[in-house]
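**Q** can't give you the sequence, but here's the structure:
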């Protein structure tokens, strides 16, 4: 039995450029939902040799080590989940000395997510990472490593979310980091604002090369037995299919407002979901909590996307933002 | 014959240092049996590595009723057939216990550290005491099978103490009985005592009442059950000197592999451990501290 070869032009090319980064396909992971070094420990090193993601985004790096919030930290909710992890992690020094050298051996680009509690912390983080990369990643590292400003974590009690909700604060942080960071600079936005497009415009105006949206929606769950808040942090961030229509609306509005590329996320768990985000204007899509179910989901979605585009006779370029065009 | 009895002993029990990497495979239901209010579910999982006792998996039926998979202790294994003791309490566990033969299920594992057999059996080993509460009996059939195949199997002295709410839930202890019988058939001394909270079997008592009456200096305890039971076991065990306790914890999980940091649990020193990556088995000292000796 033989299979007909797909003709070259009917197979849409999934390669996508995000500033200086070249991604083999447009499906990446959302920060904090896929620890690829942990996956390698559990499932074996193959995941490092052929990562399923178009670019890899580690958990948000903070300046100092953080334990994060008290448990309980997660709960499944209708069509999704709520979490209040609170940016736990080893901090900048541990990241630079521990994970970074191994992550630089990945065959895909790296997007480092940073979270600060003041504008100065973002600048210190960006400068620290730049120095480490200049020393350890060789020439041309800006073509392999980008930076994402997490100004949108709903689960920490100062800094992060407050910066992300204020266009003036965003401008200040983005322009300050811009002076320290020569590579791709992404700003990840919270949907917990009145007008996300104006925040995106402020970030782009201050020098962000791309906008990532959306982080989780702030919510809460009540423990039925005690009738008290379930999460240790009281409130948490809602993710999963439940937020997809809300996220699509945000991407649609951001795309209409800014020129820079958009990384769209919020409830994606299939190639069809990814296509919806591309149609609204995302150039790249990110898989978040659905990846907890299947660590290789990003790769499966990329394959499905190729099939889906091919069946429709469309290219990636055709489909990005197509929902904004009224003609059939 | 129920599936949990239709198994020879002889699970090849990998030590912590000799385990295969975890896999995520598409399996199917090989059998499902009601045991009172609990269920014994067996999945055929092609290529699934040998699990150590106390390791766990993530299960998610296809198509799933819930967004996230659910975590379960491996209760038994015979080659590629992996069994679980499940309490149907929410939509995820109810979907699993309602599955029929050949229904497809995604299975990820084996995950977590499990009980360290080398430490559990290290000399001077006098007696192993397994303490389980309700569906917390889940890891014990596999643990007993691993004890049976260990070098010291025929010489072991093992006591199993199980606490259940009532006689219906106590039916879930049958796979533990079957595994205990296999262990005893190999020459070991193995006894099971059951407590029910409502007195539907024997008089109304807790598993910690059994422990208080039975425990001896030098016992090695493997414990799994609700948080309150684990704390009570630790309090009881501390009254006898020289006990060693390992607790297998349960926590809400999303990823099961250390990605999400959702299953954090507080240790005695105030630090947080990830139940999936650092556990699920922890020493009593690390969880509850040594405290003041009275």
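**A** Nice, thanks for sending it over. Note that the coordinates shown come from a computational prediction; the quantities given were computed from them, not determined experimentally.

**Q** use CA for all of it now, contacts and neighbours both
**A** OK.

**Q** of all the residues in chain A, which ones are close to chain B?
**A** Near chain B, the residues belonging to chain A are A:32-36, A:38-39, A:42-44, A:67, A:70-76, A:79-81, A:83-85, A:88, A:240, A:290-293 when assessed by C-alpha under 8 Å from any C-alpha of the partner chain.

**Q** of those residues, buried ones?
**A** Buried residues within the residues of chain A next to chain B, defined by neighbour count using 16 or more other C-alpha atoms under 10 Å in any protein chain shown: A:32-36, A:39, A:42-43, A:67, A:70-76, A:79-81, A:83-85, A:88, A:240, A:290-293.

**Q** Tell me the predicted confidence for the residue in the stretch 101-250 of chain A that chain B sits nearest to.
**A** In the stretch 101-250 of chain A, no residue comes nearer to chain B than residue A:240, which is 7.9 Å away by C-alpha to the nearest C-alpha. As predicted, residue A:240 sits at a pLDDT of 98.

**Q** likewise residue B:243?
**A** On the pLDDT scale, residue B:243 gets 82.

**Q** With residue A:201 instead?
**A** 98.

**Q** ok, now residue B:239?
**A** 81.

**Q** can you count the residues close to it?
**A** Applying other C-alpha atoms under 10 Å in any protein chain shown, we find 14 other residues in the vicinity of residue B:239.

**Q** can you check residue A:190 too?
**A** One way to gauge burial is a neighbour count; for residue A:190, by other C-alpha under 10 Å, it gives 27.

**Q** Over to residue B:245?
**A** For residue B:245, the count of nearby residues is 21 (other C-alpha under 10 Å).

**Q** Could you point out which residue ranges in chain A have low pLDDT?
**A** Scanning chain A for pLDDT under 70 picks out the ranges A:1-12, A:155, A:157-161, A:328.

**Q** buried sites along the helix ranked longest in chain A?
**A** Within chain A, and with DSSP state H defining each element, the longest helix by residue count is helix A:119-136. Buried residues in helix A:119-136, counted by 16+ other C-alpha under 10 Å: A:119, A:121-130, A:132-133.

**Q** Let me see the residues that make contact with it.
**A** For helix A:119-136, the external contacting residues (C-alpha atoms under 8 Å, 6 or more residues apart in numbering or on different chains) are A:62-63, A:92, A:96, A:101, A:114-116, A:141, A:147, A:149, A:172-173, A:176-177, A:180-181.

**Q** Tell me the residue of the stretch 201-328 of chain A that sits nearest chain B?
**A** Residue nearest to chain B within the stretch 201-328 of chain A: residue A:292 (4.3 Å; C-alpha to the nearest C-alpha).

**Q** what residues are up against that residue?
**A** The contact partners of residue A:292, taken as C-alpha under 8 Å, 6+ apart, are A:33-34, B:68, B:254-256, B:259-260.

**Q** Looking at those residues, spot the one nearest residue B:110.
**A** Each of the contacts of residue A:292 was checked against residue B:110 using C-alpha to C-alpha; the closest is residue B:256, at 10.1 Å.

**Q** burial of that closest one, as a residue count?
**A** Here the number of neighbours of residue B:256 (other C-alpha under 10 Å) works out to 28.

**Q** quick one: contacts for it?
**A** A:292, B:57-58, B:71, B:111, B:276-277.

**Q** Next one: it relative to residue B:111, how far apart?
**A** 7 Å (C-alpha to C-alpha, to the nearest Å).

**Q** which neighbours do those two share?
**A** Counting by C-alpha under 8 Å, 6+ apart, the contacts common to residue B:256 and residue B:111 are B:57, B:276-277.

**Q** In helices only, show me those residues.
**A** Mapping the shared contacts of residue B:256 and residue B:111 onto helices (DSSP H) picks out B:276-277.

**Q** Include neighbour count when you put the shared contacts of residue B:256 and residue B:111 into a markdown table, please.
**A** Formatted as a markdown table, the entries for those read as follows, by neighbours: other C-alpha atoms under 10 Å in any protein chain shown:
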| residue | neighbour count |
| --- | --- |
| B:57 | 26 |
| B:276 | 30 |
| B:277 | 20 |
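
**Q** would you turn the shared contacts of residue B:256 and residue B:111 into a markdown table with distance to residue A:54 and pLDDT?
**A** Formatted as a markdown table, the entries for the shared contacts of residue B:256 and residue B:111 read as follows, by distance: C-alpha to C-alpha, whole Å; pLDDT from 0 to 100:
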| residue | distance to residue A:54 | pLDDT |
| --- | --- | --- |
| B:57 | 28 | 98 |
| B:276 | 27 | 96 |
| B:277 | 26 | 96 |
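
**Q** so which strand or helix has residue 94?
**A** No chain specified, so I'll use chain A. Assignment of secondary structure by DSSP states H and E places residue A:94 within helix A:91-94.

**Q** Not quite, go with chain B.
**A** Using DSSP H and E, the secondary-structure element containing residue B:94 is helix B:91-97.

**Q** And the helices in the chain?
**A** Because you didn't say which chain, this covers chain A. Taking DSSP H to define them, one finds helices in chain A at A:36-43, A:46-49, A:91-94, A:100-103, A:119-136, A:160-164, A:167-180, A:196-205, A:244-257, A:271-280, A:297-312, A:316-319.

**Q** Chain B is the one I meant
**A** Secondary structure of chain B (DSSP H): helices at B:91-97, B:117-121, B:140-149, B:167-170, B:174-185, B:207-214, B:227-239, B:275-278, B:284-288.

**Q** which other residues reach the fourth one?
**A** Here helix B:167-170 makes contact (C-alpha under 8 Å, 6+ apart) with B:35-38, B:134, B:163-164, B:194, B:196, B:200-201.
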